[in-house]
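Asker: no sequence for this one, just the structure:
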């Protein structure tokens, strides 16, 4: 499987605990509605330890984070807040500590599985590979 396991395009398939999670991290109401059951397409470009992780929202909005495993990078949250984080690789999972939650991403059975944990609330989002 190697290091290139993440590269590809993934379309939102389903999630768990969305409402509890976004309330916990203080996402504003309009953003909560926008993100609910949203067919987000996540595009991952990977070159060794260098990643560009882009989320395309229906209607044309995008959020993009570029980072290198083990190095501090400028990142942006779901709510558009800027912050610095060092992204790590642990057991084949990408792990990043956002200001108020911990985010992991892994490829599991050809799907992109992302888990965000905030104060004990676990939000899980699954996306299927489309390219």
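Answerer: Nice, thanks for sending it over. All of these numbers come straight from a predicted model, not from anything done at the bench.
Asker: what is the helix or strand harbouring residue 31 packed up against?
Answerer: Using DSSP states H and E, residue 31 maps to helix 29-35. If contacts are counted by 3 or more C-beta pairs under 8 Å, 6 or more residues apart in numbering; DSSP states H and E, helix 29-35 sits against helix 18-24. Glycine gets a C-beta too; all of them are placed from N, C-alpha and C.
Asker: and for the helix it packs on, what are the contacting residues?
Answerer: Contacts of helix 18-24 from elsewhere in the structure, counted by C-beta atoms under 8 Å, 6 or more residues apart in numbering, are 31-32, 35-36, 78, 100-101, 116, 118-119, 121-123.
Asker: tell me the centre residue of this structure?
Answerer: Centroid-nearest residue in the chain: residue 114, 5.9 Å away (criterion: C-alpha atoms, centre = their mean).
Asker: returning to that earlier point: least confident of the contacts of helix 18-24?
Answerer: In this model, the minimum pLDDT among the contacts of helix 18-24 belongs to residue 78 (65).
Asker: phi, psi of residue 81?
Answerer: The phi/psi pair for residue 81 (degrees, to the nearest 10) reads phi -80, psi 140.
Asker: that one: neighbour count?
Answerer: Around residue 81 there are 13 other residues, counting by other C-beta atoms under 10 Å.
Asker: OK, contacts around the residue nearest to it when sequence neighbours are not counted?
Answerer: In space, and not counting its chain neighbours, residue 81 is closest to residue 99: 6.7 Å by C-beta to C-beta, 6 or more residues apart in numbering. Residue 99 sits next to 77, 81, 83 when contact means C-beta under 8 Å, 6+ apart.
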